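Enquirer: the following comprises the amino acid sequence and a computationally predicted model.
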There are 2 protein chains.
Amino acid sequence: MIWGAGQRLEFIEFRLFWEGAINRADLVEFFGISIPQASKDLALYQERAPGNMEYDKRSKRYVAAEQFVLRFLDPDPYVYLAQLRAVTEGAVPSHDSWIAELPRADVALTPKRDIDIGVLRKVLDAVREGASVEVFYQSMNKVRPDPIWRRITPHAFGYDGFRWHVRAYCHLEHRFKDFLLPRILEVGAKGEPGETGEQDWLWNNYFDVVIGPHPALTESQKKVVAKDYGLDHGNGVLSVRYAMLFYVLKRLGLLGDAAKQSAHTQHIVTINRKETEAALEKAELRL
Amino acid sequence: MIWGAGQRLEFIEFRLFWEGAINRADLVEFFGISIPQASKDLALYQERAPGNMEYDKRSKRYVAAEQFVLRFLDPDPYVYLAQLRAVTEGAVPSHDSWIAELPRADVALTPKRDIDIGVLRKVLDAVREGASVEVFYQSMNKVRPDPIWRRITPHAFGYDGFRWHVRAYCHLEHRFKDFLLPRILEVGAKGEPGETGEQDWLWNNYFDVVIGPHPALTESQKKVVAKDYGLDHGNGVLSVRYAMLFYVLKRLGLLGDAAKQSAHTQHIVTINRKETEAALEKAELRL
DNA sequence: AATTCACGTATATAAAATATACGCAAAAGA
DNA sequence: TCTTTTGCGTATATTTTATATACGTGAATT
């Protein structure tokens, strides 16, 4: 982490790099510093990174120069886009973001904000301490239509691209399972652990899914798909925890026979389909 | 934004709240301040938020008290989890995150990091200025197997849950389309805009997808699914831009006939299927 | 019993930021 | 065309914030 002035220099560079311009007022507003201090900061930036910006009297802003040499920032498109996404989804208030001019954006499907903060805190605590906790859990199980109390020993978190679950040893069923955080309605007393994360074979072991372009695509289309998915010689390998296999396949549209789907909507297929299905069964049945 | 000391108070509260403890050394390490200053900060925190922490001589750390009154932080599970996700995916270096003890976590499918930073910058610039740009774009179109230069007027960004695209007016095809950022290989000269975002009907208008629990589920399971998706009286409405409809449906597994899929993997179905398909066609064909 | 560690705190000093004031240049408005 | 407004720059005295250095405490560890 960096101290005040350094952070402001980084901020100046961020705005110049991603938004093309910065103002004295921008600094005053964002950091709550005085006007002279903002002037000093801008002067300091010019001294430290000469030639990166010039004052445009028309717009009354410093604009980024053509050739721009980064000095304080290591910018990353995915960091910028992650911020854009967080703000667009409402996860982060826009005044906390360094992005001033938010471009119009939309995210397909924003998760319902239904994780209880107290639940997450207590589960995190249990993971940290390696303890077990009682949870009042609503499962989808047919035999348990209503939520019940059960003891679990959580050890890791998983994100399926849409929702978060916790990976835990279930003291009721004597095996490791995933528990969706929004379905944990309450958390009760801590206690002695069951099995630890090291014993969770499905979590600790990986299966290699081999993927390739959909056979119905043309050669040139296959090339594009190969580039999209980073496939080297046509095929590519995805190393996935058994515990995450189902979610990965679902997300890639590979749960069924992908080749039977239209190549328009489904661009890739599984090459080692038999093995993948066996692995999936292994993961589902627990092993 | 907040100044140095305020940020450190917020940091103290963050660590106490999410990790249950904080140290003088934590402050020294993260902010690079001196030991006396860290002592002062902790003393100041105790003064401003009395009773929130107490010193545990065993672990030599301040630990969060049972009853914890937030004073400097407005914690949100999704903000915490977004951070966890960003670090787990490698989008953010872990020393930039306020989370010290990262719990074990995994994310199903991390996007390939193949967006060119210069491309994104220039596209952002064009969106900001309302200008058009030439892009060297690799499409999946059968008639255009190789990348070609085309002029577009971009106006918004879209995220389908996996990849980012830019929404733009295509000067070649005279209509609005999505352009995947990783497939923009180069960006050329800026120029006069084509049509603006206001003219993009598919972006500006919404279609209501009506969803409900999979019919093959039991009553109790349906209730769980209803809660999962925030459905009120069994069914729920998702208001989606036409331009994003395809991605939302794909993500929800609703592109085909969801009812034909196993209720085990597919929990919801589209109620207004006919209308949705018509809307999708409208969006695809452009209108 | 000795050592280690993390805490607290005091004092003098250094660095960072503010308040206040004034001047400049260009754009916008009368 | 003249005036006003706005945003930048900078100077000085002052306040706030943080550092360096030093010393003392108590509890856990060896």
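Expert: Received, thanks.
Enquirer: tell me the contacts of A:Tyr80?
Expert: A:Trp18, A:Ile99, B:Leu120 (Cβ atoms under 8 Å, 6 or more residues apart in numbering or on different chains). Just so you know, the C-beta spots here come from the backbone N, C-alpha and C atoms, and that holds for glycine as well.
Enquirer: with secondary structure and neighbour count as new columns, can those be given to me in JSON lines?
Expert: Putting the contacts of A:Tyr80 into JSON lines (DSSP: H, G, I helix; E, B strand; the rest coil; neighbours: other Cβ atoms under 10 Å in any protein chain shown) gives the following:
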{"residue": "A:Trp18", "secondary structure": "helix", "neighbour count": "24"}
{"residue": "A:Ile99", "secondary structure": "coil", "neighbour count": "18"}
{"residue": "B:Leu120", "secondary structure": "helix", "neighbour count": "23"}
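Enquirer: show me which of the residues you listed is closest to DNA strand D.
Expert: Distances from DNA strand D to these, taken as Cβ to the nearest atom of the strand, are shortest for A:Trp18 (18.0 Å).
Enquirer: from the chain's centroid, how far away is stretch A:184-193?
Expert: For stretch A:184-193, the distance from its own C-alpha centre to the chain's C-alpha centre is 27 Å (Cα atoms, centre = their mean, to the nearest Å).
Enquirer: no, scratch that, I was asking about stretch A:213-229
Expert: On Cα atoms, centre = their mean, the centre of stretch A:213-229 falls 26 Å from the chain's centre.
Enquirer: so where's the stretch 101-250 of chain A uncertain?
Expert: Along the stretch 101-250 of chain A, segments meeting pLDDT under 70 are nowhere present.
Enquirer: return the set of buried residues in whichever helix or strand A:Glu47 is part of.
Expert: Assigned by DSSP states H and E, A:Glu47 belongs to helix A:35-48. Within helix A:35-48, the residues scored as buried using 16 or more other Cβ atoms under 10 Å in any protein chain shown are A:Gln37, A:Ala38, A:Asp41, A:Leu42, A:Tyr45, A:Gln46.
Enquirer: and DNA strand D, which of the residues you listed reach it?
Expert: A:Leu42 (Cβ under 7 Å from any atom of the strand).
Enquirer: nearest to DNA strand D among the buried residues of helix A:35-48?
Expert: Distances from DNA strand D to the buried residues of helix A:35-48, taken by Cβ to the nearest atom of the strand, are shortest for A:Leu42, at 4.7 Å.
Enquirer: how near is the closest one to A:Ile35?
Expert: 11 Å (Cβ to Cβ, to the nearest Å).
Enquirer: is A:Ala156 in contact with A:Arg167, as I believe?
Expert: Yes. With contact defined as Cβ atoms under 8 Å, A:Ala156 and A:Arg167 form a contacting pair (4.3 Å).
Enquirer: between the two, tell me which one has more neighbours.
Expert: Taking other Cβ atoms under 10 Å in any protein chain shown, A:Ala156 and A:Arg167 do not tie; A:Arg167 has more neighbours (25 against 21).
Enquirer: per-residue pLDDT of the residue of chain A most remote from its centre, please?
Expert: Going by Cα atoms, centre = their mean, the residue of chain A most distant from its centre is A:Lys57, 41.3 Å out. At A:Lys57, the model reports a pLDDT of 85.
Enquirer: and what of the one 3 residues further on?
Expert: According to the predicted model, the pLDDT of A:Lys60 comes to 88.
Enquirer: may I have the phi/psi pair for A:Ile211?
Expert: Per-residue torsions, A:Ile211: phi -120, psi 160 (degrees, to the nearest 10).
Enquirer: for A:Pro213, same thing?
Expert: According to degrees, to the nearest 10, A:Pro213 has phi -70, psi 150.
Enquirer: and for it, the neighbour number?
Expert: 24.
Enquirer: same question for A:Arg241.
Expert: 21.
Enquirer: could you do the one 5 residues further on as well?
Expert: By the criterion of other Cβ under 10 Å, A:Phe246 has 18 neighbours.
Enquirer: quick check, it in contact with A:Ala279.
Expert: No. In terms of Cβ under 8 Å, A:Phe246 does not count as a neighbour of A:Ala279; the distance is 10.0 Å.
Enquirer: test my guess that A:Lys190 contacts A:Ala131.
Expert: Yes. At 4.7 Å, A:Lys190 and A:Ala131 qualify as touching, with contact defined as Cβ under 8 Å.
Enquirer: give me the common contacts of the two.
Expert: A:Asp125.
Enquirer: where along chain A do the strands fall?
Expert: For chain A, the strands defined by DSSP state E cover A:21-22, A:53-56, A:61-64, A:105-107, A:132-137, A:148-159, A:164-170, A:175-180, A:184-191, A:206-213, A:236-241, A:268-270.
Enquirer: between A:Ala156 and A:Arg167, which contacts overlap?
Expert: With Cβ under 8 Å, 6+ apart as the test, A:Ala156 and A:Arg167 both reach A:Gly197, A:Asp200, A:Trp203.
Enquirer: and which of those residues is nearest to DNA strand C?
Expert: Set against DNA strand C, the nearest of those by Cβ to the nearest atom of the strand is A:Gly197 (26.4 Å).
Enquirer: tally of neighbours for that closest one?
Expert: 19.
Enquirer: next: A:Tyr55.
Expert: So A:Tyr55, with other Cβ under 10 Å, has 12 neighbours.
Enquirer: distance check, it against A:Ser39.
Expert: The spacing between A:Tyr55 and A:Ser39, counted by Cβ to Cβ, is 12 Å.
Enquirer: overlap in contacts of A:Leu42 and A:Ile35?
Expert: Common neighbours of A:Leu42 and A:Ile35 (Cβ under 8 Å, 6+ apart) are A:Arg24.
Enquirer: excluding covalently adjacent residues, which one is nearest to the residue of the stretch 101-250 of chain A found nearest DNA strand C?
Expert: Residue of the stretch 101-250 of chain A nearest DNA strand C, by Cβ to the nearest atom of the strand: A:Arg128 (18.3 Å). If the residues on either side of it in the chain are set aside, A:Arg128 comes closest to B:Glu101, at 6.1 Å by Cβ to Cβ, 6 or more residues apart in numbering or on different chains.
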